[in-house]
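J.: need coordinates for the following:
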Amino acid sequence: MAIYNEILVGRYNRALQKLLGMKGPASMNQLAGEMIPVIDTFYGTENRFLEGWDKFAIEIEQTAGAGNTAFCRLRNPVGSAVVAIIEKVEINLASSATPTADVVTEQLGAVTADLATITAVTRSAMDGRSPRLNSTCIASSTVAAGALNVLQKFQIPAVGKDLIAYEAQELTLLPGDAWQWQNTSVLLTLRVNLMWRERMMEESELK
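T.: Modelled structure (predicted):
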């Protein structure tokens, strides 16, 4: 039988139990009758796992040929029921192995396919406690692809640039969407270093 103000999002209960080493049933299965709850238990990256997050990292690299530019993409497959939050996007460019500067566009779109070259990884998880060694999201790259919806343009210096400076700039990647980065000049190598976290979506988020 349901109880009054029953909490149906179980990962918060599990986070409290793991964080405090509590035994027995759910430690917090009911919301107070007044508007007094405070949810502020995050302390550091090591606690993301306790809240149901898995963290991943990868480097995508693509060299463009004559007359072409490079594209790098991170896609969250349709129906994955996973939400990803991109925490770090570091861009580096090179011409014949020499670091160089260029303008890079950041693009977002609804896509169901990957680019021509899949970035193969054997283990992208950053936390050894994660039950998943590899991400649900798929990294890929190619040359001369079609651009998605261009949201921002960044001038990337020869020393490279991190596009996310603080938490409010993190990028949400939902099922069926992809973030993509494209440089402007031809004959350059585009390197994108990504760091992101994933969790299963709650029932209320799937509606």
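
J.: ok, which stretches of the chain are strands?
T.: Secondary structure of the chain (DSSP state E): strands at 54-63, 70-75, 82-95, 98-99, 102-110, 117-118, 138-143, 149-156, 161-162, 171-173, 177-183, 189-200.

J.: what's the longest helix in this protein?
T.: Counting by DSSP state H, the longest helix found in the chain is helix 10-20.

J.: for residue 7, find the nearest of the strands of the chain.
T.: With CB to CB, the closest approach to residue 7 among the strands of the chain belongs to strand 189-200: 16.8 Å. C-beta coordinates here come from the backbone N, C-alpha and C atoms, glycine included.

J.: quick one: the longest helix of the chain to strand 189-200, angle?
T.: 90 degrees (axes from the mean of the first three to the mean of the last three CA atoms, to 10 degrees).

J.: what residues of helix 10-20 count as buried?
T.: By neighbour count with 16 or more other CB atoms under 10 Å, helix 10-20 contains the buried residues 12, 13, 15, 16, 17.

J.: how about stretch 137-150?
T.: Buried residues in stretch 137-150 (16+ other CB under 10 Å): 137, 138, 139, 140, 141, 142, 143, 145, 148.

J.: what's the closest of those to residue 188?
T.: Residue 188 has its nearest neighbour among those in residue 143, at 10.4 Å by CB to CB.

J.: in the sheet, who's paired with the closest one?
T.: Per DSSP bridges, the residues bridged to residue 143 are residue 70.

J.: do you know how far it is from residue 182?
T.: Residue 143 is 10 Å from residue 182, where distance means CB to CB, to the nearest Å.

J.: among the buried residues of stretch 137-150, which two are most distant?
T.: Longest span within the buried residues of stretch 137-150, CB to CB: 137 and 143, 21.5 Å.

J.: kindly report the domain assignment for the chain.
T.: Residue ranges for the domains of the chain, per automatic domain parsing: 10-41, 55-206.

J.: could these be laid out in TSV, adding distance to residue 47 and mean pLDDT?
T.: Below are the domains of the chain laid out as TSV (distance: least, CB to CB, whole Å; pLDDT from 0 to 100):
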stretch	distance to residue 47	mean pLDDT
domain 10-41	7	68
domain 55-206	11	95
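
J.: can you tell me which of the ones you listed is packed in deepest?
T.: Comparing those by mean neighbour count (mean count of other CB atoms under 10 Å), domain 55-206 ranks first with a mean of 17.

J.: between the buried residues of helix 10-20, which sits nearest residue 118?
T.: Closest to residue 118 out of those is residue 15 (33.6 Å), distances taken as CB to CB.

J.: the strands of the chain into JSON lines, with extra columns for distance to residue 46?
T.: Output for the strands of the chain, formatted as JSON lines (distance: least, CB to CB, whole Å):
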{"stretch": "strand 54-63", "distance to residue 46": "10"}
{"stretch": "strand 70-75", "distance to residue 46": "24"}
{"stretch": "strand 82-95", "distance to residue 46": "15"}
{"stretch": "strand 98-99", "distance to residue 46": "34"}
{"stretch": "strand 102-110", "distance to residue 46": "29"}
{"stretch": "strand 117-118", "distance to residue 46": "31"}
{"stretch": "strand 138-143", "distance to residue 46": "25"}
{"stretch": "strand 149-156", "distance to residue 46": "31"}
{"stretch": "strand 161-162", "distance to residue 46": "22"}
{"stretch": "strand 171-173", "distance to residue 46": "22"}
{"stretch": "strand 177-183", "distance to residue 46": "26"}
{"stretch": "strand 189-200", "distance to residue 46": "12"}
